[in-house]
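Chemist: Sequence below, structure please.
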Amino acid sequence: MLLRSNPPGALVYVDDYEIGRTPIATNFTYYGNRKIRLVKDGYETLSVLQPVPAPWYQIPPLDFISENLVPGQVRDEHTFTYQLRPQRILPPDELLARAEGLRRESHAAAAALPARSPGSPIPAPIGPTAPPPEAQPVPQTGPAPPGIGGLRTHPLPPGAR
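Modeler: Have a look, this model is predicted:
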């Protein structure tokens, strides 16, 4: 898979793994959708869900014939080119107006929540809340078995070290 960008030099992430800077070629094993992200200073970050279709010779039962009866190795190459857009710099007044709008929306959303009276029960959280059970010490009956911190241990079988 060959990845290019205009302008070149963007840092490429494929499925959230850093690959390198464009133009760059990388191997892939599986076909399907790939999450590709390109990052470059001064340009907007570009995130794309890129389909990588399988060629005809990878479709069952043709894949058996192409892998076992065709001499040599078949290479499947995909080239993807992406256009990066320059980063838009907002004037400070516009940025402050957007921030103030978000602040007003959050206050309005908080005011819309039902008020809880002082005597009303607190709603139970969703999901498991109990801590996991902790290991309990084994009660001692007779001589103390070998162990760590009062817990029983089991020896490894011979030759398993």
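Chemist: Please identify the helix or strand for residue 13.
Modeler: Assessed by DSSP states H and E, residue 13 sits inside strand 11-14.
Chemist: So for that strand, what gets flagged as buried?
Modeler: Neighbour-count burial for strand 11-14 flags 11-14 (criterion: 16 or more other CB atoms under 10 Å). C-beta coordinates here come from the backbone N, C-alpha and C atoms, glycine included.
Chemist: Tell me the secondary structure of residue 51, please.
Modeler: The three-state assignment at residue 51 reads strand, by DSSP: H, G, I helix; E, B strand; the rest coil.
Chemist: Just give the nearest non-adjacent residue to it, would you?
Modeler: Excluding its sequence neighbours, the residue lying closest to residue 51 (CB to CB, 6 or more residues apart in numbering) is residue 33, at 5.4 Å.
Chemist: same check, this time on residue 85
Modeler: Distances taken as CB to CB, 6+ apart place residue 44 nearest to residue 85, at 5.0 Å, with adjacent residues excluded.
Chemist: What distance do you get for the one you found to residue 82?
Modeler: According to CB to CB, to the nearest Å, residue 44 stands 11 Å off from residue 82.
Chemist: Neighbour count for these two, which is higher?
Modeler: Here residue 44 and residue 82 are compared on neighbour count by other CB atoms under 10 Å; more neighbours surround residue 82, at 16 against 13.
Chemist: Can you give me every residue that contacts the residue lying closest to residue 43 once chain neighbours are set aside?
Modeler: In space, residue 43 comes closest to residue 84 once its chain neighbours are excluded; the distance is 4.2 Å by CB to CB, 6+ apart. Going by CB atoms under 8 Å, 6 or more residues apart in numbering, residue 84 touches 5-7, 10, 38, 40, 43-44, 46.
Chemist: out of the residues you listed, which are inside strands?
Modeler: Counting by DSSP state E, the contacts of residue 84 place 5-6, 38, 46 in strands.
Chemist: Pick out whichever of those sits closest to residue 29.
Modeler: Proximity of these to residue 29 (CB to CB) peaks at residue 38, which lies at 21.9 Å.
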